[in-house]
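[1] When you get a sec, could you give me coordinates for this:
(chains A and B)
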Amino acid sequence: MELTLTISEDERHACRRAASLLRALASGLREIGTVQEADACAGYGATLDRVAASGECCGVNSDGKVDIEQAGFVLEGIRDGLDNADLDEGADFIQRDIERLNDVVFRYNSDAGKAVQS
Amino acid sequence: MAEQVVLAVGDMCGPAKKNPGAAATADLARRQIARHPDAMIIALGDNAYNRGRPDEYRDHYTPSWGQADLLGRTWSCPGNHDYRTAGAAAYFQYFGTERAGTPRRSYYSVPLVDAGWHMISLNSEVEQDAHSPQLQWLRDDLAARRHRPVIAFWHRPRWGSGAHRDSKKPRWFWNELYNERAELALGGHAHHYERFAPQRPDQIPDSHGIRQFIVGTGGRRLQGRSKDTPNSDYARFDLFGILKLTLWPDGYRWEFIDIHDRVIDRGEQPINPRGQRWS
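    Numbers count the residues shown, from 1 in each chain, chains lettered A, B, ... in the order given. Next up, the predicted model:
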């Protein structure tokens, strides 16, 4: 289901930063031979890049929404790793981006609920 | 008035490789129901992995937790995996309007008449902030039942020491529930068991605050500790099991029971005093 969502400036910034991390992770995963995971992370990053490059309104479909949610889960792992290494500032920074990605996911779910029942 | 037994768990069913505990927790629920024929079940979301599709509910949920003896007494809330099908349409169709709400109005409440409690199902996977219809509904629902003890549940817990850690969004639920002196908040999402001491929305310990449980131990592969969270009194990351709550007008008792029928964690507490608002 394709929906047009309003994406705030903060959310676009969060998508841009998250996409950077996912691209880097995909590159590293490819280097160590985990191709499937590399492709998945690159795909999540590509979706986030597309949202980041959009204006205030962005078309998102079900798969794109899942990509955004999956990106958030991958970022949770990076956040936890930084936190465990006492690299708190980076962990906090990523946490804020995770929250913005979740905002987009929740907005999609709300609008999808209205759409399937209308 | 009598007691009401409530069995709560989330994150249950899916392909056996990644959901090895689903059949065992369903059997555990069945054994508890044999002892407590009027027990209710709360399904805390992510009931059918990985995308909450109709075929996943049919192939994974129905053979265990979806059998008539369990499904007929189940009340639910949706999880993030349920929303991987647009609008969580399959989830709502499976559980029906009375036990799940609708895609547009995905929250509801139920009076637990025998125990004198009020049960509220919320949706953490859609918008829930100050101006959302859901939060306005919650305010109205709580106001109409001001003097009853409250058990609320939604998928994504506010606090957590395991996977996913804390979730900031449900703070809106917490603020409203705390203002009305709710007793219990249940969640899943993270695949472990955790019990918190009663606390305020800002994590200040408060014996008259909300006690949160995480019960993501329904069958999905378990996950480990991620951090130490304030007010976390007990956590297990290595056991499938269900939370058994016994509610009565003046208090409640909890037991976390593993799939070998061992009571791993238990306790009892009176309900919160009422009669004036906190804030």
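[2] Give me the average confidence score over the strand or helix carrying residue A:107.
    Element membership for residue A:107, per DSSP states H and E: helix A:88-117. Taken as a whole, helix A:88-117 has an average pLDDT of 95.
[3] just the helices in chain B please.
    Along chain B, the stretches classed as helices by DSSP state H are B:22-35, B:54-56, B:68-71, B:89-95, B:97-100, B:133-144, B:171-179.
[4] Which residues in the second one does the neighbour count mark as buried?
    Buried residues in helix B:54-56, counting neighbours by 16 or more other Cβ atoms under 10 Å in any protein chain shown, are found at residue B:56. Heads up, the C-betas are built off the backbone N, CA and C, glycines and all.
[5] ok so, going back, mind checking how far the helix holding residue A:107 is from the chain centre?
    8 Å (Cα atoms, centre = their mean, to the nearest Å).
[6] residues from the stretch 101-250 of chain B in reach of chain A?
    B:102-104, B:106, B:125-128, B:132, B:163-165, B:167-169, B:226-227 (Cβ under 8 Å from any Cβ of the partner chain).
[7] which one of the helices of chain B is the most hemmed in?
    helix B:89-95 (a mean of 23; mean count of other Cβ atoms under 10 Å in any protein chain shown).
[8] So what touches that helix?
    A:116, B:43, B:47-48, B:52-54, B:56-57, B:61, B:66, B:74, B:76, B:78, B:82, B:85, B:100-103, B:106 (Cβ atoms under 8 Å, 6 or more residues apart in numbering or on different chains).
[9] Where does the prediction get shaky in chain B?
    For chain B, residues meeting the criterion pLDDT under 70 lie at B:1, B:275-279.
[10] swap the cut-off to 80 and go again
    B:1, B:146, B:275-279 (pLDDT under 80).
[11] before we move on, back to that, tell me what angle the helix holding residue A:107 forms with helix B:133-144.
    90 degrees (axes from the mean of the first three to the mean of the last three Cα atoms, to 10 degrees).
[12] got the contact list for residue B:199?
    B:205-206, B:209-212, B:230-231.
[13] mind running it again at 7 Å?
    B:205-206, B:209-210, B:231 (Cβ atoms under 7 Å, 6 or more residues apart in numbering or on different chains).
[14] coming back round to it: give me the helices and strands touching the helix holding residue A:107, please.
    strand A:3-6, helix A:9-31, helix A:62-84 (3 or more Cβ pairs under 7 Å, 6 or more residues apart in numbering or on different chains; DSSP states H and E).
[15] if we can go back for a sec, quick one: buried ones out of the residues of the stretch 101-250 of chain B next to chain A?
    Using 16+ other Cβ under 10 Å as the burial test, those include B:102-104, B:106, B:125-128, B:132, B:163-165, B:167, B:169, B:226 as buried.
[16] What is the nearest of those residues to residue B:17?
    Here the nearest of those to residue B:17, counting by Cβ to Cβ, is residue B:163; it sits at 18.3 Å.
[17] Excluding covalently adjacent residues, which one is nearest to that closest one?
    residue B:223 (4.1 Å; Cβ to Cβ, 6 or more residues apart in numbering or on different chains).
[18] From what I see, the one you found and residue B:190 are in contact.
    Yes - under the criterion of Cβ atoms under 7 Å, residue B:223 makes contact with residue B:190 at 6.3 Å.
[19] Distance check, residue B:143 against residue B:201.
    18 Å (Cβ to Cβ, to the nearest Å).
[20] hang on, I meant residue B:127
    If you go by Cβ to Cβ, the gap between residue B:127 and residue B:201 works out to 19 Å.
[21] Check residue B:70 too.
    34 Å.
[22] Next up, the contacts around the nearest residue in space to residue A:43 that is not next to it in sequence.
    In space, residue A:43 comes closest to residue A:67 once its chain neighbours are excluded; the distance is 6.3 Å by Cβ to Cβ, 6+ apart. Counting by Cβ under 7 Å, 6+ apart, residue A:67 touches A:43-44, A:47.
[23] And stretch B:242-258, how far out from the chain middle?
    Per Cα atoms, centre = their mean, the centroid offset for stretch B:242-258 relative to its chain is 12 Å.
[24] Buried ones among the contacts of helix B:89-95?
    Counted by 16+ other Cβ under 10 Å, the contacts of helix B:89-95 give A:116, B:43, B:47-48, B:52-53, B:56-57, B:61, B:66, B:74, B:76, B:78, B:82, B:85, B:100-103, B:106 as buried.
[25] Residue numbers of chain A in contact with chain B?
    With Cβ under 7 Å from any Cβ of the partner chain as the criterion, chain A meets chain B at residues A:1, A:62, A:66, A:69, A:76, A:80, A:83, A:99, A:102, A:106-107, A:109-110, A:112-117.
[26] repeat that for 6 Å
    A:1, A:62, A:66, A:80, A:99, A:106, A:109-110, A:112-114, A:116-117 (Cβ under 6 Å from any Cβ of the partner chain).
[27] quick one: low-confidence parts of chain A?
    A:117-118.
[28] can you do 70?
    Using pLDDT under 70, nothing in chain A is flagged.
[29] if we can go back for a sec, more crowded one of residue B:223 and residue B:190?
    Applying other Cβ atoms under 10 Å in any protein chain shown to residue B:223 and residue B:190 shows that residue B:190 carries more neighbours, namely 27 against 15.
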